[in-house]
Every structure is written in C-alpha cells, then in structure tokens.
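Peer 1: the sequence and its predicted three-dimensional model are supplied below.
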Amino acid sequence: MADRARRAAIPVRASGQPGLGARAPRHWHRSGDDSPVRRRPGQLSSAAASLRDPEQALAAFATWLRAERGRAERTVDAYLRDLRAWIDAHDTPPVWTEVSALQLRAWIRAHLSSRSPATQARAISSLRSFFDFLVRRDVIPQNPAAGLTAPKQAKALPATIPAQAVLDWIHGLAVRAEEPLAQRDAALLAVLYGCGLRVSEAADLDADAALEPTWRIIGKGNKERIVPVPAGTTSLVRQWLPVRASLTSDDEPALFVSAQGRRLSVRGIQYVLDRRAREAGLDRHVHPHQLRHSFATHLLGDGVDLRAIQELLGHASLSTTQRYTHVDLAGLARVYDGAHPRA
C-alpha cells in the first residue's frame, strides 16, 4: 500500500516522462532546454559521437585537461604523445568501445617493457585519464584502463650538490663581467638554487617584477605560492638586467633570454646548466632539479621547519617534502661512519 502511494506521488507528464522531482532513466538524456530527451540505449549524443574521431577526441581531451583538471602544458603534451603512440600502433583507428584492458596490457608489454618505470607509469596514467574522459562524456560505459597498474619505481634519494660548490660556481660566473651570458647564467643559477624553483618556473619568469622581494609563482597544477627572494639572488638579477636590455626588445617580457633575445626554454636552461657545470669542473651531470633538491636539503640541514620547506617548494603533500629528511639523515650517517671511533 505504501509503495503504491509513493508511486502515485511521482508526477507524470502526458508523454509518460517523469515530471519534476523524478530521475530520468539512464537512456533519457537532457537536451539544451533541460527537458529529458529519449535516446535508444547505446545511441550517442552529437557531442559524444564527434569524439569517435581520434584527433577530435584528443583535442577535446587536451582542452579538458587544461580547463577542468588544471594540468600544466608539459603534462598535456606528454599525455598526448603517449596517446598518439598508442593510436599509431593500430592498423586502423581504434574504436573506443572495443578497447579492452587486455589490449592495453599487450601494447604496454610490446612497446614500453624496455622503457623506464617512470615512462611506463606516465603512459598508463595517460591512458587511464583519457578513457576516464570518454566515460565522463558518455562515449564508453567504463574505463578499460582503470585496472592497469604502474610498475613500482625505485625511490632514489634526490641528488644534491654541496652548498659551497654551488656558491663557488655562481661566483665564478658572476665575476666574468666581460661575458654577457655569464651574467645571465650566474643570475639563473642563483634563482634556481636561492629560490628552489622548478626549471619550468624559472623559464616562465618575467623581468617586470624581477627586483621585488617576493615572487608570485604559478607551479604544478596551476597552484600559486609566494617565494621570498634572497638578497644575493636579487643582486645578481640586478647585474643581469642591463645586459638583458641590450639583447632583447621591449616586447619580450622574459627575465632569462637567449643570445638572440628570446625567452630561454626549459631545454635551453638544461643545456646552459650542463655546459656551465662542465666548465666549472663539476664531476657530474647537473640537472636543474638538483639545484632545487640542494636548496631543500641545505635548508633542512640548517634547521628550517619541514612545513616551511613544503610551502617554499610548492609541494601539495608533505610526504613529497619528507624525502629530504632521508637525504639529510643519509649525509649524517656518512659523517658518523667516517668520524665515530666505533663505526
């Protein structure tokens, strides 16, 4: 009796469709005027149907990653490369509804087994995100990549450079006043090490706020943080600015520019640091991220609170920052082993 009363309480339109307050069945979809439109099971909306084409699907996916997921442009590019590699492995364009987890695992084994665990993990993330997007757009009923597992990655301790070696390296460039690009590279090193920036964040810096005591940095996932700029870093940036002005035009906003006056790219910065490291006689391949690692490790060694370091680095999770405690403890253990009489 109660069930009959509840059914009677649901308003019904003359068409037989449920009225306000009722949930439309799964095969009814909302039209532009918000009224339910009956669609046969398996029938796609016009927007979803357009996503059958791989290029249209990838373009829409890229827009979704940027606008709705807040992914950085480098992440979007990496995901698209992975997906195009997977699509190109097919003789004919893949049909999304026919893709299975078994097929995806076979492709990973055939094409990625010799690649690093990090590369495999990113490719799996690319596939998982793409098919999740297609599920959200009602193109496929479920995500065939949902069950894919990435290989375990070895948790190597971040490589660092001794503080004095970094300071000597910067000073060695700063005193070469006759070389314009040496001034740039001294300032660049000071920014990466003194502020703990990611290489992409350094590449994105503009000159208009270069002498401010703090910088507003937009990091991974479009997360904003405020970074204090050490006085020594500001001094080297100030030395570089007149040289920069002689190399570039007024319409170039970048702080760090090439000899041709254009913004230094991420790869350009990587090349500059590697070349300057060899010049300085550093017995290692230096990656920009090592300066960021060194920044965090040296701050921790000087007693700076882990939470403060997390804020300076822009880490979303404290667990990411905590790996620097392992670096610091590893250094302490080496000192102990070398100095303790019973070690």
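Peer 2: Everything's here; your move. Worth saying up front: this structure is predicted, and the values here are computed from it rather than measured.
Peer 1: and residue 151, what does it touch?
Peer 2: 117, 120, 121 (Cβ atoms under 8 Å, 6 or more residues apart in numbering). For every residue, glycine as well, the C-beta is placed using N, CA and C.
Peer 1: looking at these, spot the one nearest residue 68.
Peer 2: residue 121 (22.4 Å; Cβ to Cβ).
Peer 1: quote the end-to-end distance of stretch 203-218.
Peer 2: Criterion Cα to Cα, to the nearest Å; first-to-last residue distance in stretch 203-218 is 12 Å.
Peer 1: same question for it: list its buried residues.
Peer 2: Buried positions in stretch 203-218, judged by neighbour count with 16 or more other Cβ atoms under 10 Å: 203, 204, 205, 207, 210, 215, 217.
Peer 1: return the distance of the fifth one relative to residue 256.
Peer 2: Read it as residue 210. 10 Å (Cβ to Cβ, to the nearest Å).
Peer 1: if I look at the closest residue to residue 261 other than its chain neighbours, how far off is residue 263?
Peer 2: Nearest residue to residue 261, sequence neighbours excluded (Cβ to Cβ, 6 or more residues apart in numbering): residue 248, at 3.6 Å. Look at residue 248 and residue 263: by Cβ to Cβ, they are 9 Å apart.
Peer 1: overlap of the contact sets of those two?
Peer 2: 254, 257.
Peer 1: on the three-state scheme, the closest residue to residue 129 other than its chain neighbours is what?
Peer 2: Closest residue to residue 129 apart from its sequence neighbours, by Cβ to Cβ, 6+ apart: residue 79 at 6.5 Å. State at residue 79, reduced to three classes by DSSP: H, G, I helix; E, B strand; the rest coil: helix.
Peer 1: for residue 79, give me its contacts.
Peer 2: Residue 79 is in contact with 61, 62, 65, 71, 122, 125, 126, 129, 130, counting by Cβ under 8 Å, 6+ apart.
Peer 1: may I have the predicted confidence score for it?
Peer 2: Looking at residue 79, its pLDDT reads 95.
Peer 1: residue ranges of each domain in the chain, please.
Peer 2: Using automatic domain parsing, the domains assigned to the chain come out as 49-136, 163-339.
Peer 1: end-to-end on the shortest one?
Peer 2: By Cα to Cα, the extent of domain 49-136 from end to end equals 13 Å.
Peer 1: and what of stretch 276-289?
Peer 2: Using Cα to Cα, first and last residues of stretch 276-289 are 15 Å apart.
Peer 1: cool, stretch 224-236 as well?
Peer 2: Using Cα to Cα, the span of stretch 224-236 from its first residue to its last is 25 Å.
Peer 1: in that stretch, what counts as buried?
Peer 2: Of all the residues in stretch 224-236, those buried under the rule 16+ other Cβ under 10 Å are 225, 227, 229, 233, 234, 236.
Peer 1: ok, the fourth one touching residue 194?
Peer 2: Meaning residue 233. Yes. Counting by Cβ atoms under 8 Å, residue 194 is a contact partner of residue 233 at 3.8 Å.
Peer 1: tell me where the stretch 101-250 of the chain has strands.
Peer 2: 214-218, 224-228 (DSSP state E, counting those that start in this stretch).
Peer 1: show me which of the contacts of residue 79 are buried.
Peer 2: Buried residues within those, counting neighbours by 16+ other Cβ under 10 Å: 61, 62, 65, 71, 122, 125, 126, 129, 130.
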